[in-house]
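[1] quick check, what structure comes out for this input:
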Amino acid sequence: MTVLVTGDAGYIGSHMVHALLDAGEQIVVLDNLTTGFDWAVPSSAKLAIGDAGDQSCVAALIAQHRVDTVLHFAAS
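    Below is the predicted model:
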């Protein structure tokens with residue numbers, strides 16, 4: 001399964017991504033890095049820098065990576 005996680009570069013999202021990777025899932029991260037850090041994204045996850053409110057960006061990521069599930073942790 002491929003999971004799109006928004007807000008992974010923050011505290012809660014990063015813990016979820018680690019748990020999903022441990023479970024063997026493919027991860028795509030979408031974060032604008034306003035309050036997060038790119039070093040917080042595991043190297044085995046694909047990082048896309050952008051805004052979760054950008055519908056065309058999210059749609060493109062879903063199509064490009066064949067995303068099955070979206071988990072939304074982006075907030076500010």
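[2] how many neighbours does Phe37 have?
    Look at Phe37: counted by other CB atoms under 10 Å, it has 11 neighbours. (C-beta placed from N, C-alpha, C; glycine too.)
[3] isn't it up against Gly13?
    No: assessed by CB atoms under 8 Å, Phe37 is found out of contact with Gly13, at 11.6 Å.
[4] bridged to the closest residue to Lys46 other than its chain neighbours, which residues?
    Of all residues not flanking Lys46 in the chain, Val28 sits nearest, at 4.8 Å (CB to CB, 6 or more residues apart in numbering). Judged by DSSP bridges, the bridge partners of Val28 are Leu4, Lys46.
[5] just to check, Val28 is in contact with Met1?
    No: in this structure, Val28 is not within contact of Met1 by CB under 8 Å, at 11.4 Å.
[6] next one: the residue nearest to Lys46 from His18, what distance?
    Between Val28 and His18 the distance is 15 Å, computed by CB to CB, to the nearest Å.
[7] more neighbours, the two?
    Val28 (22 against 14).
[8] dump the residue contacts of that one.
    Contact analysis of Val28 by CB atoms under 8 Å, 6 or more residues apart in numbering lists 2-5, 45-46, 48, 61, 65, 67.
[9] ok, now with 6 Å
    Taking CB atoms under 6 Å, 6 or more residues apart in numbering, we find Val28 in contact with 4, 46, 61, 65.
[10] of those residues, which is the most crowded?
    Ranking these using other CB under 10 Å puts Leu4 first, with 23 neighbours.
[11] alright, that wraps it up for me.
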